[in-house]
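Visitor: Make a model of this:
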Amino acid sequence: MDSVSPLVNKHQIAAFSARDVGVLDIGGTWIRGARVSRRGQILTRARRKTPGGPDPSSVVTTCVRALEGAGALLEYAPVRRIGVSVTGPVDPRTGTLFTPPNTDSNFAGLELGARLHEATGLPIAVDKDTNAAALAENARGAAQHVSDFIYLTLSTGVGGAAVVDGRLLYGSTGTAGELGHTSLDPAGPRCGCGRKGCLEAYTSGPALARRAAEFAADVAGPLQEHLAAGREVTGADISHFAELGDHAALRALDDARRALSSACVDLVNVFNPRLIVVGGSVAAHHEEWLGAASRAIRTAALSPSSDACTVVPARLGDDVSLIGASLLSRR
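Guide: A predicted model of the protein is given here:
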């Protein structure tokens, strides 16, 4: 069932301003809409289940409904523009999606910016979710006053963004920063992008569940018993089994920790950042990985970059992409 915020009430409307912006955060599971003040306060919010299937119109319709549920399209209290954070890769110049992993075919090639403009009549700014998150963490989170940093998110997928000299790095096609698809081991586990050994293939939630289940086939323990009973396992479950001492779960988590540390060393050598900011649900449950990554940088990255960078947790939580989308709309 769709989950929607309560109807907009008169007290909320009293806080509305013509300077407010409408925002969308579009992911593989939920499409969230919100109305955000010029100071970055989320005034109202709503969410709808991300539609599957082949029809791109379903995505646009769900986006509009999320904005309506959040009070962002009220005739008597309109917003002036809309910012959109979406799972990448996406061309930020046109708002056109390419073929995002972890989504159905209704996302592939979707001219999201143009279709939303047609549906709402408002100016639309579209960028990938990790770029939006990097803007938010730079403005109000862990990377305030930092002009060179990397943002990573470990969740259903693994994404990233690079800020160099105070600017997001976009590259020649606008799609730079797919850091989750850097390969750490060409003979490693298969990634959803088709390659082997990508950071995402070790550290995303689905990857943790898949790898632990594979290891459990040969290792007796609570996880093997769980799977033998026909029960599913998620990335969040792996931490529970690790706490029980399950060797398959511990091995999957240890591999993920080492993969993140190795990737962070590479990122420091390539970008020479001051910070690597790590967010996402998987990272939130394993903050000890960040300390391990900082230590790996000190011992394995090239000097002097190795002494300049620290790995820190993101600060803005689940709202990071909504806040970032509001910043996109004001650029």
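
Visitor: quick one, what contacts His117?
Guide: Contacts for His117 (C-beta atoms under 8 Å, 6 or more residues apart in numbering) come out as Pro123, Ile124. Every C-beta, even on glycine, is put in place using the N, C-alpha and C of the backbone.

Visitor: again but with Leu223, I slipped
Guide: Counted by C-beta under 8 Å, 6+ apart, Leu223 has contacts Ala212, Ala213, Ala216, Val233, Ile238, Phe241, Asp246, Ala248, Ala249.

Visitor: Helix, strand or coil: sort out it for me.
Guide: helix (DSSP: H, G, I helix; E, B strand; the rest coil).

Visitor: Tell me the predicted confidence for Asp2.
Guide: Note for Asp2: predicted pLDDT of 44.

Visitor: And His11, by the same measure?
Guide: 64.

Visitor: what about the chain, any weak spots by pLDDT?
Guide: Where the chain drops to pLDDT under 70, the residues are 1-11.

Visitor: Now do the strands in it.
Guide: 21-26, 30-36, 42-49, 82-86, 90-91, 96-97, 124-128, 149-154, 158-164, 167-168, 275-279, 310-313 (DSSP state E).

Visitor: Kindly reformat these as CSV and extend each row with distance to Ala263.
Guide: What follows is the strands of the chain, written out as CSV (distance: least, C-beta to C-beta, whole Å):
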stretch, distance to Ala263
strand 21-26, 25
strand 30-36, 27
strand 42-49, 31
strand 82-86, 23
strand 90-91, 23
strand 96-97, 25
strand 124-128, 19
strand 149-154, 8
strand 158-164, 9
strand 167-168, 20
strand 275-279, 9
strand 310-313, 11
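
Visitor: Kindly reformat those strands as CSV containing mean neighbour count.
Guide: Formatted as CSV, the strands of the chain follow (neighbours: other C-beta atoms under 10 Å):
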stretch, mean neighbour count
strand 21-26, 28
strand 30-36, 26
strand 42-49, 19
strand 82-86, 29
strand 90-91, 24
strand 96-97, 22
strand 124-128, 26
strand 149-154, 29
strand 158-164, 26
strand 167-168, 16
strand 275-279, 26
strand 310-313, 20
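
Visitor: of those, which approaches Leu73 most closely?
Guide: strand 21-26 (6.9 Å; C-beta to C-beta).

Visitor: Paired strands for that closest one, with orientation please.
Guide: strand 30-36 (antiparallel), strand 82-86 (parallel) (DSSP bridges).

Visitor: Switch these over to JSON lines; also include distance to Ala293.
Guide: Compiled in JSON lines, those are given as follows (distance: least, C-beta to C-beta, whole Å):
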{"stretch": "strand 30-36", "distance to Ala293": "29"}
{"stretch": "strand 82-86", "distance to Ala293": "25"}
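
Visitor: Now intersect the contacts of Leu223 with the helices, please.
Guide: Ala212, Ala213, Ala216, Ile238, Phe241, Ala248, Ala249 (DSSP state H).

Visitor: Nearest to Asp148 among those residues?
Guide: Nearest member of the ones in helices among the contacts of Leu223 to Asp148, counting by C-beta to C-beta, is Ile238, at 33.5 Å.

Visitor: how much space between that closest one and Arg251?
Guide: 10 Å (C-beta to C-beta, to the nearest Å).

Visitor: out of the two, which sits in the more crowded spot?
Guide: Just comparing Ile238 and Arg251: by other C-beta atoms under 10 Å the higher neighbour count belongs to Ile238, 27 against 17.

Visitor: how about the more buried one, what does it touch?
Guide: Leu208, Ala209, Ala212, Leu223, Ala249, Ala252, Leu253.

Visitor: burial count for the closest residue in space to Ala242 that isn't next to it in sequence?
Guide: Distances taken as C-beta to C-beta, 6 or more residues apart in numbering place Ala249 nearest to Ala242, at 4.2 Å, with adjacent residues excluded. Number of residues near Ala249 (other C-beta under 10 Å) recorded here: 29.
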